[in-house]
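Novice: here's my sequence, what's the structure:
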Amino acid sequence: MFFWIVIMALACVNLNPQQWVRGMQRSAKNWLVGQLARYILGLILSFVLIYVLLIDQSITGFLNTFGFIIAINLMVSGLIQLPTNEKNKKKVQKLKLKKPQFSLVQSGLGLLLFVGLIGMNVIYPLTVTQELSELGEIEVTTDQIESVTEESVRSVPYSYARYKSEIVFGNIDNYSFYELGETSIQKINDELFWVSPIEYSSIWRWIRADFAPGYVMVSAEDPNAEAMLVDEYEMTYVPSAFFGDNLDRHVRSEYGDVILIGHSFEPDDEGNPYYAYSYAYYEHYRSGPKADGVILIDAVTGEMEKYDLGEQPEFIDNAIDYSIALDYAHWFGTYSNGLLNSMFAKEGVHQPTSDEEMIGVLGPDGDMYWMIDHMRPNQESNAMVGFTMINAQTGDATYYSGTSGMTNARGARDAVNRTFQREQWEGTQPVLYSVYDNYTWVVPVVDQSGLMREIAMVHAETSSVARGTSREEAFNQYRQMLANDLGSDDYIPTDLLDEETVSGSVYRVSHTVSNRYLQVLIDGESRVLEFDITSNANAVFITEGDELEATVNDTGEGILSVLEFTNQTVEDEFGEVEEFELEDETSSDEEETITPEEEETE
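Specialist: Numbering: from 1, shown residues only. I've put the predicted structure just below:
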């Protein structure tokens, strides 16, 4: 690193050999002093670019930074000449040196280089937009993603995880020395967690402290789980450290020419703290980074190892940084039919709903994915045209186009906000899943303080909302909504749904759930019968020992949703309640009214 700082500082000295000859002949001392001053300026610029800003030490990296310095140097050196003083006039005449003239060739070369670099950074990327759209190798399909189980659904939002982490953070010794680092979603021992490394709050705290004491874990699946402080590690190499302990500088010192994209804090399944640094290479000069692999850094010892993409250890969830994944999705949606089409006709153009982030979700295969939905090029749209999922561990990418017209993330959030308008709660971080083979937005609901209150599930095709104070309750209500409330529209929980009849003697009856659902166990049936008392009001009279016969929806799960039922015990004791109709009062009054003529006849 320091070798390149010394070498690249030469970009600031005069680069014209003729002017070196002229300067040395006129006054060697003054000329050398002037060049030394320029070299010192070059050292400062070189130190900032290479050591502070940590540019990659590659050919294009140097050209794209020091190339501008050289171009300005050539232009200025060619146009500005040091005046010849009276003392040196005779020396100039004696040596028969020509009078100082503007070096138009030198200035022209500098101008040409400057314009060329501007063109490579601004104009050239516009000529390779078609190639950029293909960079992510995104496959298009109309297939539906596999349905996930309740355990795979992320239900705790980022804001609530940060809130719980801050509470536990106060238990650290000398907590004023530290602050929470960037929080990311991680799979640890097959469970989703929000993980936040502990980092230094300032350079003075870094000087005082010997190490960063660990990290904080918050369950992303269970809102009621306590945050865990893992403070048994002495982490030296973290992003907030300085000089050689700084994570970025530590990696750059070993891998100088690698294009570093972004890092993610990744504890392994035993809890050991690591950072995974995603790296790439450029396909087109400095445009179009292609994810290439990951560098694994032990936060305690600083040991590093470089892996090609897909060959990294299994515990690394984010081998591809979200920024590259977002670029892939944006380029694919915008430029698939060319640059001009994206500006004028806009045929087939669609855009990710966010320019800043992608949502990390656990896929049905157990891998972590970056997911984002797409909409038409209209920032006010609440409907999506598809969504992209990029495997964060392998880079495999798919665009699902079979969701056109369904509610997008913004629309799902709006539907939840309307549902909780009275409480003044709002939805945050909607995540799209396939639940019971229906595209579903799972939306955590928080209050004005950011505390989590409920979980909402939004049916993407109808924007219908089910809600619950827990993930289990929300899934329960959503299942009921699909099987019953949306039954007339032929929405069913899964393609395994069958209507069947079960019967048996009741041996357990639950209390009502949310004043709506009653669950019953019967002999000979291992699954639970669930009654919606709003549509089966007589269910509240079920007691242990009753003989039931029920028509249920079998979704292939452990709970059977009851469509209708007969309580044989009640019928045997009281008989079946006969149906009757209330007669119209007006017609009854007319039948009972006797006219005066009828009185006389009587």
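
Novice: quick one: contacts for Ala325?
Specialist: Gly136, Met358, Trp370, Ile390, Ala392, Ala397 (C-beta atoms under 8 Å, 6 or more residues apart in numbering). In this view, the C-beta of every residue, glycine as well, is placed from N, C-alpha and C.

Novice: does Met8 touch Tyr51 like I think?
Specialist: No. Using C-beta atoms under 8 Å, Met8 is not in contact with Tyr51; the gap is 11.2 Å.

Novice: neighbour-wise, which of these two wins?
Specialist: Met8 (23 against 17; other C-beta atoms under 10 Å).

Novice: residues touching the more buried one, list them.
Specialist: Gly42, Ser46, Leu49, Ile50, Phe62, Phe66.

Novice: tell me the secondary structure at it.
Specialist: Secondary structure for Met8, judged by DSSP: H, G, I helix; E, B strand; the rest coil, is helix.

Novice: residues in contact with Leu518?
Specialist: Val509, Ser510, His511, Thr512, Glu530, Phe531, Ile533, Ala539, Val540, Ile542.

Novice: identify the residue spatially nearest to it, adjacent ones excluded.
Specialist: Phe531 (4.4 Å; C-beta to C-beta, 6 or more residues apart in numbering).

Novice: so which helix or strand takes in the one you found?
Specialist: Secondary structure assigned from DSSP states H and E places Phe531 in strand 528-532.

Novice: repeat that for Ser165.
Specialist: Taking DSSP H and E as the definition, Ser165 sits inside helix 158-169.

Novice: max-length helix in the protein?
Specialist: Using DSSP state H, we find that the single longest helix of the chain is helix 17-47.

Novice: touching, Val385 and Ser401? I think so.
Specialist: Yes. Using C-beta under 8 Å, Val385 is in contact with Ser401, at 7.2 Å.

Novice: who has more neighbours out of those two?
Specialist: Taking neighbours as other C-beta under 10 Å, Val385 and Ser401 compare with Val385 leading, 21 against 15.

Novice: OK, contacts around the more buried one?
Specialist: His350, His374, Met375, Arg376, Ser401, Thr403, Ser404, Gly405.

Novice: partner residues bridging Met235?
Specialist: Ala212 (DSSP bridges).

Novice: all helices for the stretch 301-450 of the chain, in order.
Specialist: Taking DSSP state H, counting those that start in this stretch to define them, one finds helices in the stretch 301-450 of the chain at 322-335, 339-343, 409-419.

Novice: kindly report the same for the stretch 501-602 of the chain.
Specialist: Counting by DSSP H, counting those that start in this stretch, the helices of the stretch 501-602 of the chain are 568-574, 585-592, 596-601.

Novice: and the shortest one, what's its mean pLDDT?
Specialist: Per-region confidence: helix 596-601 scores 44 on mean pLDDT.

Novice: can we start the residue count at 78 from this point?
Specialist: In the new count, where the first residue is 78, that last one comes out as helix 673-678.

Novice: for Trp81, give its distance to Gly291.
Specialist: To Gly291, Trp81 is 35 Å away according to C-beta to C-beta, to the nearest Å.

Novice: then Ile149?
Specialist: Taken as C-beta to C-beta, the span from Ile149 to Gly291 is 47 Å.

Novice: Gly437 too?
Specialist: 22 Å.

Novice: going along the chain, name the helices of the stretch 228-377 of the chain.
Specialist: 235-246, 280-285, 324-331.

Novice: ok so, going back, and the strand holding Phe608, what does it pack onto?
Specialist: helix 548-557, strand 594-599, strand 624-631, strand 636-644 (3 or more C-beta pairs under 8 Å, 6 or more residues apart in numbering; DSSP states H and E).

Novice: next one: that strand to chain centre, how far?
Specialist: Offset of strand 605-609 from its chain centre (C-alpha atoms, centre = their mean, to the nearest Å): 37 Å.

Novice: give the pairing partners of that strand; include direction for each.
Specialist: By DSSP bridges, strand 605-609 pairs with strand 594-599 (antiparallel), strand 636-644 (parallel).

Novice: mind checking those strands for the one nearest to Asn349?
Specialist: Of all these, it is strand 636-644 that lies closest to Asn349, at 40.0 Å by C-beta to C-beta.

Novice: average pLDDT for the closest one?
Specialist: 87.

Novice: now do the buried residues in it.
Specialist: Ile636, Leu637, Ser638, Val639, Leu640, Phe642, Asn644 (16 or more other C-beta atoms under 10 Å).

Novice: do stretch 427-443 as well
Specialist: His427, Gln428, Pro429, Thr430, Met435, Ile436, Gly437, Val438, Leu439, Gly440.

Novice: before we move on, back to that, now the buried residues of strand 636-644 in JSON lines, with distance to Val315?
Specialist: Shown next, in JSON lines, are these (distance: C-beta to C-beta, whole Å):
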{"residue": "Ile636", "distance to Val315": "47"}
{"residue": "Leu637", "distance to Val315": "52"}
{"residue": "Ser638", "distance to Val315": "51"}
{"residue": "Val639", "distance to Val315": "56"}
{"residue": "Leu640", "distance to Val315": "58"}
{"residue": "Phe642", "distance to Val315": "61"}
{"residue": "Asn644", "distance to Val315": "65"}
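
Novice: between the residues you listed, which sits nearest Asp334?
Specialist: Nearest member of the buried residues of strand 636-644 to Asp334, counting by C-beta to C-beta, is Ile636, at 57.6 Å.

Novice: residues touching the closest one, list them.
Specialist: Listed by C-beta under 8 Å, 6+ apart, the contact partners of Ile636 are Asn553, Arg556, Gln596, Arg604, Val605, Glu607.

Novice: just the buried subset of those residues, please.
Specialist: Asn553, Arg556, Gln596, Val605, Glu607.

Novice: and the last one, what are its bridge partners?
Specialist: Going back to what we said before, that points to Glu607. Gln596, Ser638.

Novice: from memory it sits against Glu634, does it?
Specialist: No. Assessed by C-beta under 8 Å, Glu607 is found out of contact with Glu634, at 10.4 Å.

Novice: just to revisit the earlier point, of the strands paired with strand 605-609, which is nearest Asn266?
Specialist: Closest to Asn266 of the strands paired with strand 605-609, according to C-beta to C-beta: strand 636-644, at 27.3 Å.
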